[in-house]
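Undergrad: predicted model, plus sequence, below.
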Amino acid sequence: MTGRPEPLVIRPPSEWRSLLVRITRGCNWNRCRFCGIYPAMGQPDFSCRSLAEICRDIDLLTGRHSRFETAFFGDADPLAAGMEIFTGAARYLRRRMPVQRLTCYGRISTLYRLGPANIRLLAEAGLNRIHVGLESGSDEVLRFQRKGQSAEMVARVAGWLKAAGIELSCYVLLGLGGRDLWQRHVTATARLINRIEPGFVRIRRLWLHGRNEEGGCPLWREVRTGIFVEQDPEGTVREVELLLELLEPLETFFACDHANNYIRVSGLLREDRQEMLAEVRAFLALPPEQRQAHYTMVGSRI
Ligand code: SF4
């Protein structure tokens, strides 16, 4: 078979070894103030691919490589393609290659609309992990950032996923409350995580891309007008410290698994929380020049 499969725009770092299948193009929401990533990467519009196109790509990908242990469906919200296309693609993939894990990105609002019965069908079709942008547990922050979800929606969806046996991997965005709301942002986020006990919490740092460029992060406008004051580097480390102080010893793997993070602690909250907290505090106890040099050295990237 000839031709090339359509590539994804982005994938989670943890899916670097996965077979990557494009179900939808771009993001169907595209309104989060802090994001703008798909337009910036040349995919401003959202569209759904047909099941025939997706299966053709799966044939190309599985024909080219003899063995993958895991697979990932993108772009931002492949469940927006609808149950028929998503489950059809999942079943087809699993027939072509018996992967151990099939994951995708998913918006909480889409999962909320689908409801528990459809979520069970997703599990039956072979979806066993989903990466969602929790971002913050604070409704005030979520509203301002136009995320289109609330803490209550996250909690309900998390319960449905757990009941269906689908692992939940949540992204939390340091700095999302800016300097004014950071404590409320972190406190509410810890409260929500303690309530839902996801399989994974993955920490990211807010970085506003494209400061002076057309297509830069939409939040620049609020930064320029002074409505949003960016968190400083040390502030994001203090956010990690407070988060770890407030989180309970959960069966949740906590990971700062992105190069943007100023502090890269990881571990199981049940066993490693105190150790991670000690590591963060040891860093904060370093001389100011040393901490500053570290912040300068860590680059910013998407
Ligand atoms: S954060 Fe996710 S849902 Fe929001 S605009 Fe970006 S890709 Fe879309």
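TA: Nice, I can see it.
Undergrad: get me the contact residues on the protein for the ligand.
TA: Residues of the chain found near the ligand (CB under 6 Å from any ligand atom) are 27, 29-30, 32, 35, 37-38, 76, 107, 133. (C-beta placed from N, C-alpha, C; glycine too.)
Undergrad: mind putting the residues you listed into a markdown table with pLDDT, secondary structure and neighbour count?
TA: Below are the residues of the chain next to the ligand laid out as a markdown table (pLDDT from 0 to 100; DSSP: H, G, I helix; E, B strand; the rest coil; neighbours: other CB atoms under 10 Å):
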| residue | pLDDT | secondary structure | neighbour count |
| --- | --- | --- | --- |
| Cys27 | 95 | coil | 24 |
| Trp29 | 96 | coil | 20 |
| Asn30 | 94 | coil | 18 |
| Cys32 | 97 | coil | 22 |
| Cys35 | 94 | coil | 25 |
| Ile37 | 90 | helix | 19 |
| Tyr38 | 92 | helix | 21 |
| Ala76 | 93 | coil | 26 |
| Arg107 | 97 | coil | 23 |
| Gly133 | 97 | strand | 24 |
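Undergrad: shaky segments in the stretch 101-250 of the chain?
TA: Under the criterion pLDDT under 70, the flagged ranges of the stretch 101-250 of the chain are 212-213.
Undergrad: ok, which stretches of it are helices?
TA: Secondary structure of the stretch 101-250 of the chain by DSSP state H, counting those that start in this stretch: the helices cover 108-124, 139-144, 151-164, 182-196, 220-225, 233-246.
Undergrad: save the ones you listed as TSV, and put in mean neighbour count too.
TA: Output for those, formatted as TSV (neighbours: other CB atoms under 10 Å):
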stretch	mean neighbour count
helix 108-124	18
helix 139-144	18
helix 151-164	19
helix 182-196	20
helix 220-225	14
helix 233-246	20
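Undergrad: of all the ones you listed, which one is nearest Ile54?
TA: Closest of the helices of the stretch 101-250 of the chain to Ile54 is helix 108-124, at 15.6 Å (criterion: CB to CB).
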